[in-house]
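Visitor: sequence-free structure coming up:
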Ligand SMILES: NC(=O)c1ccc[n+]([C@@H]2O[C@H](COP(=O)([O-])OP(=O)(O)OC[C@H]3O[C@@H](n4cnc5c(N)ncnc54)[C@H](O)[C@@H]3O)[C@@H](O)[C@H]2O)c1
């Protein structure tokens, strides 16, 4: 983009940032309010396929224009940045359209629903020379940055051969099928988008995570985050093999297809294995990453870091800080929109992390060990 308009944006001549929100559900709306903490940001437009969600968004984005179709929102020339909070099956289409329209984009994780979509989004960002940050906020979070800089790079863990990641949630819940009639202000066909046609099913709207047509369930929801943080701390990216096991163990026979208990194991060329453990084991969600090395162990999650050396004489390190690291991630994006530097979770980083979780989904569905060529980023024949 070399137009005068884009130049005025990037040169910081006008510090106002005009934002369009696509997907005004839980996450999109929450992150939009974090953008509003910056006095420079004004939400000029909101878009959703459900009128009730648009109404909620207009309560915090007063005066914004509203749309049901993201293509109409993108016709607004004055928009500088677009925030995408749709479900996963719409990330690629909306991100590519926004990048081609010359907008800088903050798109929620997982970057894409299929591996094929990933390189197309990366290319749209590069061809149009746009900033594209993926909502993998741990890349901007103090525990992970501190773990990488002060422990991994400093050699305090020695050789790291295992990264254990986990998400232990409460018991799986029934699907929400209360809304028998489709609301007249919900565009169901637009919600489905690239997913094959089926008649209105409220569960698929409200619980899209339970259906593999829309996403990879808990694997893409959580493991994308955790494996991305491991990639960052260990400075690795593409794996050589992926396996998964699990199933719908929660006793529900209601049409859901995504596993509620699942275990994945990913091997990397640098002699490290990353595991993901996801099940209904805890009354309150518990999660985190444990890096296991020859010299010590380190636990991190979004608010906490703990280090124990194998040398029993060495004092442990513990740090805990409340707060949401997503704000740091949003600020990193806004800073990069000004400086035109690559953001912490640049689209290419997000593509590679999402790719691993999608391989884990494929291994779960196909019940096999997937061999992967890390240089060509291709699945190898059986
Ligand atoms: N980074 C994080 O920590 C984090 C946390 C939660 C959710 N997320 C991600 O955010 C995304 C949304 O999750 P959620 O929990 O907010 O879901 P949600 O169902 O609450 O919200 C999704 C919204 O998108 C709307 N939508 C669907 N198709 C659309 C389209 N074509 N155009 C415009 N709007 C459309 C829906 O009507 C809904 O209002 C998911 O991809 C999820 O993985 C990320």
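Guide: Thanks, I have the structure now. The shown structure was predicted, so the numbers you read here are calculated from the model rather than taken from an experiment. Residues are numbered from 1 along each chain as shown.
Visitor: For residue 146, give its distance to residue 166.
Guide: Distance of residue 146 to residue 166, computed by CB to CB, to the nearest Å: 20 Å. Every C-beta, even on glycine, is put in place using the N, C-alpha and C of the backbone.
Visitor: More neighbours: the two, which one.
Guide: residue 166 (21 against 18; other CB atoms under 10 Å).
Visitor: part of a strand, is the more buried one?
Guide: Yes - assigned with DSSP: H, G, I helix; E, B strand; the rest coil, residue 166 falls within a strand.
Visitor: Could you list the contact residues of the chain toward the ligand?
Guide: The chain has residues 22-28, 47-50, 53, 70, 85-88, 90, 108-109, 135, 137, 190-191, 193, 221 near the ligand, with proximity defined as CB under 6 Å from any ligand atom.
Visitor: how about the residue in the stretch 201-350 of the chain that the ligand sits nearest to, what does it touch?
Guide: Residue of the stretch 201-350 of the chain nearest the ligand, by CB to the nearest ligand atom: residue 221 (5.6 Å). Going by CB atoms under 8 Å, 6 or more residues apart in numbering, residue 221 touches 110, 209, 215.
Visitor: mind running it again at 7 Å?
Guide: residue 209 (CB atoms under 7 Å, 6 or more residues apart in numbering).
Visitor: Phi, psi for it please.
Guide: phi -70, psi -50 (degrees, to the nearest 10).
Visitor: And the one 3 residues further on, by the same measure?
Guide: Main-chain dihedrals, residue 224, degrees, to the nearest 10: phi -60, psi -40.
Visitor: Check the burial of it by counting its neighbours.
Guide: So residue 224, with other CB under 10 Å, has 28 neighbours.
Visitor: Show me where the stretch 1-150 of the chain has its strands.
Guide: Assigned by DSSP state E, counting those that start in this stretch, the stretch 1-150 of the chain shows strands spanning 17-22, 41-47, 65-67, 81-84, 104-107, 132-134.
Visitor: for the stretch 201-350 of the chain, same thing?
Guide: So, for the stretch 201-350 of the chain - with DSSP E, counting those that start in this stretch - the strands run 241-247, 261-268, 272-279, 286-293, 296-301, 304-309, 317-320.
Visitor: one step back: now the buried members of the residues of the chain next to the ligand.
Guide: 22-25, 27-28, 47-50, 53, 70, 85-88, 90, 108-109, 135, 137, 191, 193, 221 (16 or more other CB atoms under 10 Å).
Visitor: Of those, which belong to helices?
Guide: 27, 28, 53, 70, 191 (DSSP state H).
Visitor: from those residues, which is closest to residue 323?
Guide: The closest of these to residue 323 turns out to be residue 27 (CB to CB; 17.7 Å).
Visitor: phi, psi of the nearest residue to the closest one once chain neighbours are set aside?
Guide: Excluding its sequence neighbours, the residue lying closest to residue 27 (CB to CB, 6 or more residues apart in numbering) is residue 85, at 4.8 Å. Dihedral angles of residue 85 (phi, psi; degrees, to the nearest 10) stand at phi -130, psi 30.
Visitor: isn't residue 85 right up against residue 28?
Guide: Yes - using CB atoms under 7 Å, residue 85 makes contact with residue 28 at a distance of 2.0 Å.
Visitor: any shared contact partners between the two?
Guide: Joint contacts of residue 85 and residue 28 (CB under 7 Å, 6+ apart) are residue 21.
Visitor: which one is residue 203 nearest to, not counting chain neighbours?
Guide: residue 175 (3.8 Å).
Visitor: Report the separation between the one you found and the ligand.
Guide: 13 Å (CB to the nearest ligand atom, to the nearest Å).
Visitor: Just give me the neighbour total for that residue.
Guide: So residue 175, with other CB under 10 Å, has 18 neighbours.
Visitor: hang on, it is in a strand, isn't it?
Guide: No - assigned with three-state DSSP, residue 175 falls outside any strand and is coil.
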